[in-house]
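Peer 1: kindly return the folded structure for what I paste below:
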Amino acid sequence: MKKIHSLIITVVLVVVCFFAFFVNNGALLPDIMESRNIITAREMVYDGNWTVPTMNGELRLEKPPLPTWFAALAEIIAPDSVPMQRAMSGLAACLLVFAFFKVGAHIFRSKTKSFIATLVLCTCYNVVLQGRTATWDIYTHAFMMLAIWQLINAFEAKKGFWPNFILAGIFIGLSFMSKGPISLFGLFLPFILTYFFVYYPKMEGKIGATLTMVLVAVVVGCSWYAYIYAFNGDAMAEVAARESANWSNHNVRPFWYYWDFFLEAGVWALILLCAISMIFWSDKHRHVEGYMVPFIWMTLALILLSIPGEKKTRYLFPMMIPISYLIGFFIYEMQDVFDSRKDYILERVMFKSNAWILALIIFALPFALYFAAVKKDYLGWFPFIMMTLVCIGVGCYMVMQIRNYRPVGIVYAVVALFIGAEVFALPVARHLVQNPDLRSISVTYDNPELRDIPFRYNPADELRIEMVYRAHKKIRPIDVSSADSLRNALPFVMLTHKSVSEELAPEIFEFADTTFVGHFDDNLHPASDRHYTTNFVYNVTLLTPKD
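Peer 2: This next block holds a predicted model:
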């Protein structure tokens, strides 16, 4: 029976991960972070810049290259395929889910409890988003969770623990090679402090293996940095100084900026607050490892992430790990309470209030979808009807679970809702923000006359990196006031906000013919929207030498 139970858990998690991270993963257009990663990957593949990455022809040393190597592999397998790029992140997300489940089985001493917590993780908005985005965050945290899993195995083993320590060191190094010390600081450090505080692991005979783990982590994690420092030391020092300054000078927020961290749990936000409150009204759970480990882990992570001056909500991703464990524990504990048939009024009130709010939201979703998408012709009737049926079915199932006091059933209902949304509703997301005047510069890539011609822009204007991504070309600056610079660069394609005659040195037209390629507007938002910017609007002109 145990093998069948384990097989069922595995199959369900594989199916949930497939829908969470892969289905319709090309529905959204790449954002600025994805554009940077994909551009760097392209230049790795087509320019051979594998060890010294570049972005738009300039050194790109701010981020370690491991995730970009995966993106470059995706470019080799399926050139210019956003779904393939995101599938690499999806695979990293699957590793995160796998490690999360394994670590949860240790914390709870129960695969079933860990399974419930893992389903919660797969329905947290931030986790789903990062698993569908071709950037760095999901990689660094996935490798770190694998390291934590191996480290727990090493701590709990009485013998044969050397391979676990070495694997933990490799995974820590790979995490560092994905996004530097981010996960080491936000995920690993609060976990290891929690683990030693709660479990007091015996380290007799393991000091040598622990030091070896640290050495392996340093060698793997710092290998690329050492290489860059050896051959591009000045550039690396400049980047390190700039990145260090960002921690205290860029996007600076007060210490309490993350006070609303619970909102990152998305649909589970209210239940998370109830789970956190257990420590104040339940003496029993203050001595239960399955509750105290994620609670302390979450608290320490929140404190540590609040220390740096630079703060962004996406930096809270490491907290999704202990938060999901905490929510999973709370839900399963409520299930045990109701199965015991004891009259716990507080638990019943908390369960019903949270569950009914979720049920009402689910029943209201079809109305919101109709007015936001169907009425504006962003979504067809078939996917709308299917999504409505999903909402009705899930809502009715949830009502049954509420009446029967089945908190675990609420988790299954939310999973079903997410799957329905990822299949039927996600494709509409691209159309919710739409510029009727959109004409992307990407069409120039299909023009054979421009394929091998370099692109230039006026350095007095900001160049958005998204333009480089959409043009499929490097767009390099050129001195528009120097006729010699312009003449020596011929032929080239010029991007200007005004006409070329207004922006370029007039002498160039004695030596060059101009062919107007077109006016392009790459804004995703309409001109009436506050996000609309002229940085995405260009006149494109081909300049060639006169005969």
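
Peer 1: how about Leu542, phi and psi?
Peer 2: When quoted as degrees, to the nearest 10, the phi and psi of Leu542 stand at phi -90, psi 130.

Peer 1: which residues does it bridge with?
Peer 2: Under DSSP bridges, the beta-bridge partners of Leu542 are Val493, Thr515.

Peer 1: quick check: which helices or strands does the strand or helix carrying Val12 pack against?
Peer 2: Element membership for Val12 (DSSP states H and E) is helix 2-21. Here helix 2-21 touches helix 82-108, helix 111-121, helix 125-131, helix 407-420, going by 3 or more C-beta pairs under 8 Å, 6 or more residues apart in numbering; DSSP states H and E. Bear in mind the C-beta positions are built from the backbone N, C-alpha and C, glycine included.

Peer 1: now those in a markdown table, with mean neighbour count, mean pLDDT and distance to Met44?
Peer 2: Output for those, formatted as a markdown table (neighbours: other C-beta atoms under 10 Å; pLDDT from 0 to 100; distance: least, C-beta to C-beta, whole Å):
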| stretch | mean neighbour count | mean pLDDT | distance to Met44 |
| --- | --- | --- | --- |
| helix 82-108 | 23 | 95 | 13 |
| helix 111-121 | 25 | 95 | 31 |
| helix 125-131 | 21 | 91 | 22 |
| helix 407-420 | 21 | 93 | 34 |
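
Peer 1: quick one: which of the ones you listed is nearest Val500?
Peer 2: helix 82-108 (32.1 Å; C-beta to C-beta).

Peer 1: domain map for this protein?
Peer 2: Domain ranges of the chain: 2-48+58-325, 346-432, 441-545, per automatic domain parsing.

Peer 1: relative to Ile331, which of those is closest?
Peer 2: domain 346-432 (4.7 Å).

Peer 1: about what we covered before: JSON lines for the helices and strands packed on helix 2-21, including distance to Leu187?
Peer 2: Output for the helices and strands packed on helix 2-21, formatted as JSON lines (distance: least, C-beta to C-beta, whole Å):
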{"stretch": "helix 82-108", "distance to Leu187": "10"}
{"stretch": "helix 111-121", "distance to Leu187": "13"}
{"stretch": "helix 125-131", "distance to Leu187": "13"}
{"stretch": "helix 407-420", "distance to Leu187": "24"}
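
Peer 1: from Glu62, how far out is the residue sitting nearest the centre point of the chain?
Peer 2: Central residue of the chain (C-alpha atoms, centre = their mean): Gln130, 2.1 Å from the mean position. Counting by C-beta to C-beta, to the nearest Å, the gap from Gln130 to Glu62 is 19 Å.

Peer 1: following the lowest-mean-pLDDT helix or strand in the chain, which helix or strand shows up next?
Peer 2: Every helix and strand in the chain was compared by mean pLDDT, DSSP states H and E; the lowest is helix 429-432, with a mean of 66. Using DSSP H and E, the helix or strand that follows helix 429-432 in sequence is strand 455-457.

Peer 1: neighbouring strands of that following strand in the sheet, and parallel or not?
Peer 2: Checking strand 455-457 against DSSP bridges gives partners strand 475-477 (parallel), strand 492-496 (parallel).

Peer 1: contacts for it?
Peer 2: Residues outside strand 455-457 that contact it (C-beta atoms under 8 Å, 6 or more residues apart in numbering) are 463, 471, 473-478, 489, 492-496.

Peer 1: mind doing that once more with 7 Å?
Peer 2: 463, 471, 473-478, 489, 492-495 (C-beta atoms under 7 Å, 6 or more residues apart in numbering).

Peer 1: narrow these to just the buried residues.
Peer 2: Buried by 16 or more other C-beta atoms under 10 Å: 463, 471, 473-476, 478, 489, 492-495, out of those.

Peer 1: tabulate those (CSV), appending distance to Ile166.
Peer 2: Conversion of those to CSV gives the following (distance: C-beta to C-beta, whole Å):
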residue, distance to Ile166
Leu463, 45
Ala471, 45
Lys473, 44
Lys474, 41
Ile475, 45
Arg476, 45
Ile478, 52
Ala489, 53
Phe492, 53
Val493, 52
Met494, 55
Leu495, 51
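
Peer 1: any weak-confidence spans in the stretch 151-300 of the chain?
Peer 2: 243-250, 282-286 (pLDDT under 70).

Peer 1: redo that, cut-off 90
Peer 2: 157-160, 180, 199-205, 228-260, 262-267, 274, 277-290 (pLDDT under 90).

Peer 1: the strands in it, which residues?
Peer 2: Assigned strands in the stretch 151-300 of the chain: none (criterion: DSSP state E, counting those that start in this stretch).

Peer 1: please enumerate the helices of it.
Peer 2: 162-179, 182-183, 189-199, 207-231, 233-249, 269-281, 289-306 (DSSP state H, counting those that start in this stretch).

Peer 1: nearest to Phe101, of those helices?
Peer 2: Here helix 289-306 is closest among the helices of the stretch 151-300 of the chain (C-beta to C-beta), at 14.1 Å.

Peer 1: what packs against that closest one?
Peer 2: Packing partners of helix 289-306 (3 or more C-beta pairs under 7 Å, 6 or more residues apart in numbering; DSSP states H and E): helix 82-108, helix 189-199, helix 320-339.

Peer 1: the first one to helix 2-21, inter-axis angle?
Peer 2: Think helix 82-108. Calculated by axes from the mean of the first three to the mean of the last three C-alpha atoms, to 10 degrees, helix 82-108 forms an angle of 140 degrees with helix 2-21.

Peer 1: span of stretch 458-468 from start to end?
Peer 2: The first and last residues of stretch 458-468 sit 14 Å apart, counting by C-alpha to C-alpha, to the nearest Å.

Peer 1: show me the contact partners of that stretch.
Peer 2: 32, 35-36, 39, 56, 441, 457, 474-475, 477, 480, 496-497, 503, 522, 535-536.

Peer 1: restricted to strands, list the residues you listed.
Peer 2: 457, 475, 477, 496 (DSSP state E).

Peer 1: quick one: which of the residues you listed is nearest Val97?
Peer 2: Of the ones in strands among the contacts of stretch 458-468, the one sitting nearest to Val97 (C-beta to C-beta) turns out to be Ile475, at 38.5 Å.

Peer 1: now that closest one: closest residue in space that isn't a chain neighbour?
Peer 2: Ranked by C-beta to C-beta, 6 or more residues apart in numbering and with sequence neighbours excluded, the top spatial neighbour of Ile475 is Phe455, at 4.4 Å.
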